[in-house]
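quick one: sequence plus predicted model below, questions after.
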Amino acid sequence: MPKTKLQEVVFTILMVFVMVYAMICYNIALNMGGMSNVVFLNAFHELIIMGPLAFILDFFLYGSLSKKLAFRIVTPGVDKPIMLILAISSITVCLMCPTMSLAATLLFKHAGKEVIAVWLQTTALNFPMAFFWQIFFAGPLVRTIFGMIFKEKEEQVMKEESEFLEGGSVRN
C-alpha cells in the first residue's frame, strides 16, 4: 500500500485506469447491446474525460473519506489486512460508483429531463460490476503491479537500514 505522496499518486493513477477503463468498456457494451472489439478502442475516448475526473475525486476527496469510514468498521493493527482492504475498497465503490455514474449520465447519456431516472438506472447497472471488478480483479491486479514498481525501493531502504544498523553496532 502507498506510504508516500508519490506512491499514493501512482497507486491512484493505476487504480483509476484499471477501474475506469473497465467500467467504460462495460457501459459501451451495454449501450451497443453486446461486446465487440470496437468497444476497447471507443473506451479510450471517454477515458480522456472520465479518468482525470475519477483521479480528482479519489485522490482529493473519496480516498481519505473511504479510509475514515472504513476505520469505523475495521481497526488497523487489530483486524487482518485483507479486512482493511475489503472495507476500504467496498466503501470506495459505494462513493465512486454513483458519482461517476452521474458524470457519465450528464456527459454521455443525453438523458434530458429523464436525468434522475437514467442516473439511477446507470448506477444500478454499474454497481455490481464495479464492486466485483474492484474486489476480484482491479484491486488485486493494481496492488500486485504497485508492489512490483516499488519493491526495489522498499528492498533498497531495508538494505540501507540493515547496513546502517550493522555499521552502527560495529562502531560501538
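All right, it came through fine. Numbering: from 1, shown residues only.

going forward, measure contacts and count neighbours with C-alpha atoms only.
Noted.

what about the nearest residue to V20 once chain neighbours are set aside, helix or strand, and which?
Once flanking residues are discounted, V20 sits nearest to G51: 6.3 Å by C-alpha to C-alpha, 6 or more residues apart in numbering. For G51, the host element (DSSP states H and E) is helix 37-57.

same question, V16
Here V16, judged by DSSP H and E, is contained in helix 5-32.

let me see the mean pLDDT of that helix.
Here helix 5-32 scores 97 as its mean pLDDT.

do stretch 55-72 as well
On average, stretch 55-72 scores 97.

and the angle from the helix holding V16 to helix 37-57?
Orientation of helix 5-32 against helix 37-57 (axes from the mean of the first three to the mean of the last three C-alpha atoms, to 10 degrees) gives an angle of 140 degrees.

tell me how far helix 5-32 lies from the chain's centre.
7 Å (C-alpha atoms, centre = their mean, to the nearest Å).

buried residues, it. List them.
Within helix 5-32, the residues that count as buried by 16 or more other C-alpha atoms under 10 Å are 10-29.

over to stretch 111-122?
V118, W119, T122.

can you redo the residues you listed as a markdown table with pLDDT, distance to K80 and secondary structure?
Below are the buried residues of stretch 111-122 laid out as a markdown table (pLDDT from 0 to 100; distance: C-alpha to C-alpha, whole Å; DSSP: H, G, I helix; E, B strand; the rest coil):
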| residue | pLDDT | distance to K80 | secondary structure |
| --- | --- | --- | --- |
| V118 | 97 | 39 | helix |
| W119 | 98 | 36 | helix |
| T122 | 98 | 34 | helix |
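
on contacts alone, who are the packing partners of the helix holding V16?
On a contact count with 3 or more C-alpha pairs under 8 Å, 6 or more residues apart in numbering; DSSP states H and E, helix 5-32 meets helix 37-57, helix 115-133, helix 139-171.

could you redo the last one with a cut-off of 6 Å?
helix 37-57 (3 or more C-alpha pairs under 6 Å, 6 or more residues apart in numbering; DSSP states H and E).
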